[in-house]
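S.K.: Sharing a sequence plus its predicted fold:
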Amino acid sequence: MTMFTCWFLAQETPIVDPALLNQLFSDTWTLIQGLLILLVGWIIASIVRGVVKKILHNTEIDNQIAGWISGNDSSDSSIPIEKWLSDFAYWLIILFAVVAFLNTLQLEAVYQPLNSLLGELTSFLPKLLGAGILSAIAWLLATLAKTIITRVLGSFNLEEKLGEGNEQISVSQTIGNAIYWFIFLLFLPSILSTLQLEGTLVPVQGLLDQILAIIPNVLGASIIAAVGWVVAKIVQGVVSSLLATTPINQVGAKFGLSTEATGNSLSNIVGNVVKVLILIPVAITALDALQIQAISQPATEMLNQVLTLLPKLLAATLVLGLAYAGGQYLSDMISNVLSSVGFDNIFQWLGIAQTPKTPETTSEETPETTTETKTPSQIAGIVVLVAVMLIASLTAVDILEIEALRAVVGTLLAIAGQVLVGLAVLALGLYLANLCFNLITNSGTRQARFLGHTARISILVFVIAMALQQMGIAPNIVNLAFGLLVGGIAAAIALAFGLGGREVAAEQLREWLNNIKEN
């Protein structure tokens, strides 16, 4: 009985401390709560990631954002915005769940830094949301403005009026894109201010202030240029159409121009010249409206020089055109007159034998290559035309006041005159040489043909020397060579006469001496 009582008393003493057991149960329950929080957070994060990905996939918002980032308007961008945003939402919820888990476990040393990070994120989210709202408003206004401007400009057929309809990028689309990004630039300081990015806000605000300050000048210059361009195009069309109704295109056809009003015709060229004359002062006014001295001052000076040179250039062109027309008429008239008086037989007059031309028999496979041979009268007409154009060129250069070109044209004109006079002297010499040859040969005297050739060669040598000297081709060398040639011929004749007639001379001297003695 005593032993049973002792054993029973021993069993009344607890083996495990109840406080420790309660603490164990409490910690286990806390851990289970934390794990449940993690599980619920993971489930919510997964659901949110799927929902965000589905929303972005259905609304194409991610592709729009990717297009903004990459600068590409196509919807199939390679930037995975959909994955990035869904993963961001997923890990943000996971971070909340981890902080809640650590807070449940009362691990302050671990969750305190994460809690601070989460606090920073949560405090930044309103700023990010505000920046997103501003960006959405900017995108909405920019898209609306781009659409309106593109459609309005497209309704005016601006590309066709400017002659740029075949370009890949239209003018209306370019202006719409410029307005689109300009609206974003206007909202950029507000977005940066909402995000409190002061380091980036200051230079962007300064840049925007400069752009806004110059926009009125650019707008004014653009309006001036656009109005001037439209006026120039209208005046060009009116002038070209009015001139097309006159015979001016037929006149231009004589200069190798087209007779079509829309082609390379004289009326179209005059219309383009009038358009340029209008656009030059318009460009000067537009550059002055910009008020950018570094750009407008040199460009304005250049355009003023061009505007000053244009009247002289037009006058010089008119002189050349009239000279060409008059020279062509004079050339045809002289060619006809010379042809009627038999000038085409001048080579026979000069004793130059013409090579007879036999027609060549070509096979059917050989293409016909006929080259028209100019007659002497036609060559004379061409020479007259060239002379008239050279004189007109000198006058045109005097109008343009280009000293270097004036010297070149004057030298060419002087050389051409010398060559022409030299050729005339040579032709006259050939005629006289041939005439002397014929007279001596037809005289019937002894050795007449030999004497005729001798006379002709002598005249030709003399005339060639005169022609070369007149042309100015090494006059000193020509004079020296001619003198040496004549002197050599004279010396040869003297020696031949002296040596060959020595016995005759001795006999004649003896006869003279005998006569003297007898007398």
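M.R.: Here it is on my side, so go on.

S.K.: So, low pLDDT: which residues of the stretch 351-500 of the chain?
M.R.: 351-372, 446-447, 474-486, 488-500 (pLDDT under 70).

S.K.: all strands for the stretch 351-500 of the chain, in order.
M.R.: Here the stretch 351-500 of the chain has no strands by DSSP state E, counting those that start in this stretch.

S.K.: can you tell me how far residue 373 sits from residue 462?
M.R.: 32 Å (CB to CB, to the nearest Å). For the C-beta atoms, the positions are set from N, CA and C on the backbone; glycine is no exception.

S.K.: more neighbours, those two?
M.R.: residue 462 (16 against 7; other CB atoms under 10 Å).

S.K.: any weak-confidence spans in the stretch 51-200 of the chain?
M.R.: The stretch 51-200 of the chain contains residues with pLDDT under 70 at 59-80, 106-111, 114-115, 117-119, 121, 156-169.

S.K.: Helices along that one, start to end?
M.R.: Ranges of helices in the stretch 51-200 of the chain, per DSSP state H, counting those that start in this stretch, are 61-70, 81-104, 108-155, 158-162, 171-194, 198-244.

S.K.: do the same with the stretch 401-519 of the chain
M.R.: Secondary structure of the stretch 401-519 of the chain by DSSP H, counting those that start in this stretch: the helices cover 403-441, 448-471, 475-500, 502-518.

S.K.: Can I get those helices in TSV including distance to residue 325?
M.R.: Converted to TSV, these look like this (distance: least, CB to CB, whole Å):
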stretch	distance to residue 325
helix 403-441	20
helix 448-471	31
helix 475-500	38
helix 502-518	73
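
S.K.: Nearest to residue 313, out of these?
M.R.: helix 403-441 (12.9 Å; CB to CB).

S.K.: Check the helices of the stretch 401-519 of the chain for me and report the most buried one.
M.R.: Compared across the helices of the stretch 401-519 of the chain, helix 448-471 shows the largest average neighbour count, a mean of 17 (mean count of other CB atoms under 10 Å).

S.K.: Which strands or helices does that one pack on?
M.R.: Counting by 3 or more CB pairs under 8 Å, 6 or more residues apart in numbering; DSSP states H and E, the packing neighbours recorded for helix 448-471 are helix 403-441, helix 475-500.

S.K.: How far away from the center of its chain is the longest one?
M.R.: Read it as helix 403-441. 46 Å (CA atoms, centre = their mean, to the nearest Å).

S.K.: what's the angle from that helix to helix 448-471?
M.R.: Angle, helix 403-441 to helix 448-471, by axes from the mean of the first three to the mean of the last three CA atoms, to 10 degrees: 170 degrees.

S.K.: elements contacting the helix or strand harbouring residue 36?
M.R.: Assigned by DSSP states H and E, residue 36 falls within helix 18-59. Under the contact definition 3+ CB pairs under 8 Å, 6+ apart, helix 18-59 sits against helix 81-104.

S.K.: Let's see the helix it packs on as PDB, backbone CA atoms only.
M.R.: Taking Å, rounded to 0.1, in the frame of the first residue of the first chain, the C-alpha atoms of helix 81-104 are listed here in PDB:
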ATOM      1  CA  ILE A  81       6.000  45.200 -71.200                       C
ATOM      2  CA  GLU A  82       3.200  42.700 -70.500                       C
ATOM      3  CA  LYS A  83       5.600  40.400 -68.600                       C
ATOM      4  CA  TRP A  84       7.400  43.200 -66.800                       C
ATOM      5  CA  LEU A  85       4.200  44.800 -65.500                       C
ATOM      6  CA  SER A  86       2.600  41.500 -64.400                       C
ATOM      7  CA  ASP A  87       5.800  40.400 -62.700                       C
ATOM      8  CA  PHE A  88       6.100  43.800 -60.900                       C
ATOM      9  CA  ALA A  89       2.500  43.400 -59.500                       C
ATOM     10  CA  TYR A  90       3.300  39.800 -58.500                       C
ATOM     11  CA  TRP A  91       6.500  40.600 -56.600                       C
ATOM     12  CA  LEU A  92       5.000  43.700 -55.000                       C
ATOM     13  CA  ILE A  93       2.200  41.500 -53.500                       C
ATOM     14  CA  ILE A  94       4.800  38.900 -52.500                       C
ATOM     15  CA  LEU A  95       6.800  41.600 -50.800                       C
ATOM     16  CA  PHE A  96       3.700  42.600 -48.800                       C
ATOM     17  CA  ALA A  97       3.100  38.900 -47.900                       C
ATOM     18  CA  VAL A  98       6.700  38.500 -46.800                       C
ATOM     19  CA  VAL A  99       6.600  41.600 -44.600                       C
ATOM     20  CA  ALA A 100       3.300  40.400 -43.100                       C
ATOM     21  CA  PHE A 101       4.800  37.000 -42.500                       C
ATOM     22  CA  LEU A 102       7.800  38.400 -40.800                       C
ATOM     23  CA  ASN A 103       5.700  40.700 -38.800                       C
ATOM     24  CA  THR A 104       3.500  37.800 -37.700                       C
END
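
S.K.: If anything else comes up later, I'll come back, but that's it for now.
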